[in-house]
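Student: Sequence and predicted structure, then a few things I'm wondering about:
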Amino acid sequence: MTFSEKCLECAQEGIVLLRNEGKMLPLVSADRVGVFGRAQKDWYRSGTGSGGSVHCDYSTNLVDSLLELENEGGSAAVDRNLLALYESWLVDNPFDNGGNLWAAEPYCQKEMDISKSLADSVACRSNKALFVIGRNTGEDKDYRDEDGSYRLTAQERSNLKAVCEAFESVCVVFNTSGIVDAGWLDDVDFKGHIKAVVYAWEGGQEGGRAVARVLAGKAYPSGKLSCSVARALADYPSSPWFAGKDGSVYREDIFVGYRYFMTFARDRILFPFGFGLSYADFELESPRAHFEPASDMADSKIVICARVRNRGKLYKGKEVLQVYYESPQGKLGKSVRSLSAFAKTEALAPGQSQDLELSFFIRDMASYDESGLTGNESCFVLEKGLYTFYVGTDSLSAAPVLLDGRKGLALECDVVVERLEQALAPAEAFPVLRPRIGGNEGALYEKDWSHTARTNAVDMTSRIRNRLPRGDAPVGFQGITFDSLKDDPSLLPRFIAQMDVRELSTILRGEGMLSDKVTRGIAAAFGGVSERLHSVFRMPCAGCADGPSGIRMDTGKEAHLMPSGTSLACSWNLPLVQELYAFEGQELFENGIDALLGPGMNIQRNPLGGRNFEYFSEDPLLSGLMACAELSGLRTKGFHGVIKHFATNNQETARREGNSVVSERALREIYLKPFEIAVRQGGAQAVMTSYNSLNGHWAASNYDLVNMVLRREWGFGGLVMTDWWACMNDCVTGGEPTVKNTAAMIRSGNNVYMVVDNDGAEENVFGDNIDSSLASSALTVGELQKSASQVVSFLLTCAVSRRKLGPLKDIPVFISRNIQLPPGSVIVEDGKQFPIREGEVVYIDSPCDACYSIRGEFKKDGDDLSQSVLHVLIDGDVAASFQCRTTMGSFIWAVAARVQIGKGQHEIRIQDAKPGIILKGLTFSSGEKNPVSLGFFK
């Protein structure tokens with residue numbers, strides 16, 4: 001199977017069939033289908049921003065894929081007249097990508113008007129209609145609760161009304177980055193006509209083909225929702241506090257998604273978490289549970305067994321067996337459903353069955369007592385009482401199952417599962433949601449807002465001082481190199497002791513983007529980024545690339561674009577996702593890249609979250625296990641995934657300024673739990689912190705987050721990096737953040753600042769505060785050495801350590817193609833600036849083979865986070881790249897690359913890959929004063 005075929009298989013399994021009245025689907029050969037909505041052609045394959053910026057060599061859409069199936073025979077016929085109208089209209093109404101600017105693409109595209117007469121004419125030729133709704137968003141851009149974003153536009157409503165009046169059988173297809181408003185599905189204008197509803201998500205380059213095959217019955221739907229679909233946005237408990245300009249207070253606490261709806265508001269569920277239909281007809285036979293004891297009660301297991309049978313007559317399919325538990329409310333208050341285990345069957349033909357066995361540890365049901373209500377402050381506790389278990393195929397319909405013939409597991413006393421220290425508690429108290437104790441167990445609870453989150457009581461100064469690492473006096477280079485460590489890793493302390501402060505500091509600064517010390521066009525280089533580290537200590541330079549849905553190379557080099565994180569999570573198929581990411585590992589190998597910046601695994605707290613498409617689910621277990629599958633797949637090929645964004649990156653609005661105010665309990669049970677699973681079960685070795693502040697301390701310098709929880713509690717020994725151009729504030733006092741507080745980053749346990757300008761790590765071009773902090777004892781040499789040791793240890797596990805150490809920079813060579821210069825070309829001196837614009841061609845005549853530095857004078861207005869890229873092409877290939885966030889409107893000079901240009905004539909162009917850079921001119925300079933002949937032609 002090829003990578004593309006695996007992408008197709010995964011995209012198909014993530015498609016969720018939510019409604020199929022009258023068995024409208026699958027489409028059959030006798031059907032004639034009218035396809036409405038421009039997304040049938042302009043199919044969304046991924047969200048925007050770094051998570052979706054993969055250059056792939058092709059992508060698929062819905063209608064062309066339906067036509068392919070029709071041409072193969074045995075599939076429904078597409079109304080060609082309607083399609084021709086759309087194709088003609090699209091010529092005059094091209095896709096609006098926002099000028100290719102950062103976060104500028106609109107949420108939706110203009111739609112062709114569907115009049116009653118047009119819909120009626122199509123209905124005369126066709127018996128079924130597909131109505132495609134397209135929405136997209138991404139990094140730096142949350143959805144908004146407005147028409148054309150989370151809600152339908154007036155044009156879409158009008159079009160859908162016309163289609164529903166003309167057709168008895170309409171299928172709505174959501175091609176969206178995440179869930180959007182669906183409360184209108186049974187509005188009076190549409191009721192009785194919308195027979196089928198499909199969430200296709202964004203399935204990567206094969207997404208269009210995948211949904212076509214599912215609709216046509218060439219593949220079967222087996223996806224299950226990884227998030228709850230409510231009747232209205234206001235039904236989500238986080239909506240009143242989501243996406244504030246100063247951040248967000250998480251008052252709903254642990255009651256996220258189905259945990260909230262199942263406890264307080266089942267009537268507000270439109271489609272429940274875990275729900276998804278099939279063309280097959282499944283039933284669960286003889287579900288049963290038994291208790292598997294261990295010497296420690298917390299290590300005992302609940303084992304669930306059930307037989308899944310396809311009792312249908314026509315179609316094969318897959319089903320997902322889901323297990324939930326309900327804990328006693330006790331003193332802490334809990335949700336009435338929590339996912340504890342799941343498994344997906346093999347493809348079952350009609351009449352076939354499969355026996356499944358699932359298990360989980362008793363300890364997994366523990367709740368965190370942040371305040372000592374049970375007498376066990378800062379502990380995970382199993383409160384006494386009855387624990388009941390539910391088995392089914394979604395969170396709402398799962399039915400009780402007996403445990404060894406009893407109603408459940410009865411604990412006669414509290415069981416402490418894990419004793420911890422307070423960490424990450426908020427500075428100020430705020431009300432948090434709890435069920436009002438005293439209601440009937442298993443019934444809906446009233447909301448109780450009388451509880452408050454426990455505030456921080458830790459003396460951070462003492463906590464840090466008592467855990468400072470011991471340092472060693474630098475001894476100078478003693479001949480121990482990185483090669484020595486590969487033979488004997490125990491030499492690491494001696495290797496680090498050879499380095500002075502300048503060398504140690506250089507290791508802790510990544511360079512990028514588009515560094516020419518690693519694969520060109522990727523996000524960052526880190527490790528041996530200076531000539532001395534590289535040539536004397538023989539430290540390799542590792543490269544990492546965006547992720548998570550494929551390799552982003554801003555040179556335009558192509559890679560596979562996989563389905564989004566949400567799409568993959570909706571497959572509920574861990575082995576399949578692992579197989580997909582084994583292919584991704586092979587592609588990392590082929591491109592000489594060491595780590596993929598992904599998976600993204602923040603909780604989908606609210607449907608408006610702009611990066612929800614990168615993330616898996618509202619549920620921490622499903623999110624964590626999906627991350628484990630991806631990491632395992634990459635690891636089979638020897639590569640790393642960098643789990644991100646640690647932590648509470650749940651909104652894009654004000655993502656660099658916002659403060660996430662969260663109780664310690666909600667953090668430990670919900671928002672940190674996926675990361676914990678990825679570290680403790682998935683063996684994650686690399687973590688990226690988030691932009692935001694968490695309870696007053698920016699994540700990149702949050703001591704409790706990184707040193708206490710990640711490293712001390714979870715035993716993580718790997719690499720931690722910041723998000724790109726992140727800010728940090730003081731580990732103790734908090735205060736104003738700055739990109740220069742790298743000392744606080746190091747003290748917190750974070751290793752690498754991502755990123756400083758290319759070739760700027762050794763020179764400290766950002767002017768960070770490492771040296772001044774060492775001088776004032778705000779940072780110790782021991783902390784610097786420990787952090788550098790962790791970077792080096794990680795490099796030893798990277799693919800770059802297995803590659804032969806080459807030069808720090810590869811100088812690309814361009815051999816003349818004997819282009820003939822036009823008459824009248826002007827000879828200019830080596831090093832003289834010349835103007836050039838996109839669309840123009842400059843011909844250069846190099847009198848001999850020589851190395852040239854390509855320099856540019858340019859400016860960029862705007863903010864300091866959105867990325868603009870301008871390429872310099874020699875003979876059609878990218879030779880150099882200028883990457884910029886902002887110059888605050890002032891022209892600056894920068895060296896983009898050094899290249900070797902062969903004797904003869906060469907064609908020079910520029911390409912505005914990510915617009916925003918205004919180029920005044922270029923200079924090709926060598927040290928030999930070689931004249932070049934320039935001819936300017938548009």
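Tutor: Cool, the structure landed. All values reported here derive from a predicted model rather than from experimental measurement.
Student: just the strands in the stretch 401-550 of the chain please.
Tutor: Listed in chain order, the strands found in the stretch 401-550 of the chain under DSSP state E, counting those that start in this stretch are 409-411, 415-419, 431-435, 447-452, 509-511, 524-527, 541-546.
Student: List the buried residues of the fourth one.
Tutor: Okay, so that is strand 447-452. 447-448, 451 (16 or more other C-beta atoms under 10 Å). Placement of C-beta: from N, CA and C, glycine included.
Student: now it and strand 431-435, what's the angle there?
Tutor: Computed by axes from the mean of the first three to the mean of the last three C-alpha atoms, to 10 degrees, the angle separating strand 447-452 from strand 431-435 equals 130 degrees.
Student: Who are the packing partners of strand 447-452?
Tutor: strand 431-435 (3 or more C-beta pairs under 8 Å, 6 or more residues apart in numbering; DSSP states H and E).
Student: quick one on the thing from earlier: possible to save the strands of the stretch 401-550 of the chain as CSV with distance to Ala666 and mean pLDDT?
Tutor: Putting the strands of the stretch 401-550 of the chain into CSV (distance: least, C-beta to C-beta, whole Å; pLDDT from 0 to 100) gives the following:
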stretch, distance to Ala666, mean pLDDT
strand 409-411, 24, 98
strand 415-419, 17, 98
strand 431-435, 8, 98
strand 447-452, 12, 97
strand 509-511, 32, 98
strand 524-527, 32, 98
strand 541-546, 29, 98
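Student: ranking the ones you listed by burial, who's on top?
Tutor: Relative to the other members of these, strand 524-527 carries the highest mean neighbour count by mean count of other C-beta atoms under 10 Å, namely a mean of 29.
Student: hey, C-alpha coordinates of it in CSV?
Tutor: Extracted C-alpha coordinates of strand 524-527, given in CSV (Å, rounded to 0.1, in the frame of the first residue of the first chain):
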residue,chain,number,x,y,z
ALA,A,524,13.9,25.2,12.7
ALA,A,525,17.5,24.0,13.2
PHE,A,526,18.8,23.2,16.7
GLY,A,527,21.7,21.6,18.4
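Student: Contacts for it, please.
Tutor: Contacts of strand 524-527 from elsewhere in the structure, counted by C-beta atoms under 8 Å, 6 or more residues apart in numbering, are 507, 509-513, 515, 517-518, 533, 539-544, 721, 724, 752, 754-755, 758, 791-792, 795, 800.
Student: likewise stretch 340-354?
Tutor: Contact partners of stretch 340-354, identified using C-beta under 8 Å, 6+ apart, comprise 220, 222, 280, 282, 285, 302, 304, 307-325, 356, 358-360, 364-365, 389, 571-574, 621-622.
Student: first to last residue in it, what's the distance?
Tutor: End-to-end distance of stretch 340-354 (C-alpha to C-alpha, to the nearest Å): 20 Å.
Student: How about that stretch, which residues are buried there?
Tutor: Within stretch 340-354, the residues that qualify as buried are 340-345, 348, 354, counting by 16+ other C-beta under 10 Å.
Student: Low-confidence stretches in the stretch 601-750 of the chain?
Tutor: Segments of the stretch 601-750 of the chain classed as low confidence (criterion: pLDDT under 70) are not present in this model.
Student: The stretch 401-550 of the chain too?
Tutor: Answering for the stretch 401-550 of the chain: the residues below the bar, that is pLDDT under 70, span 438-443.
Student: quick one: the helices in it?
Tutor: Taking DSSP state H, counting those that start in this stretch to define them, one finds helices in the stretch 401-550 of the chain at 460-465, 482-487, 492-497, 501-507, 531-535.
Student: out of those, deepest packed?
Tutor: Sort these by mean neighbour count, taking mean count of other C-beta under 10 Å, and helix 501-507 sits at the top with a mean of 21.
Student: Alright, that wraps it up for me.
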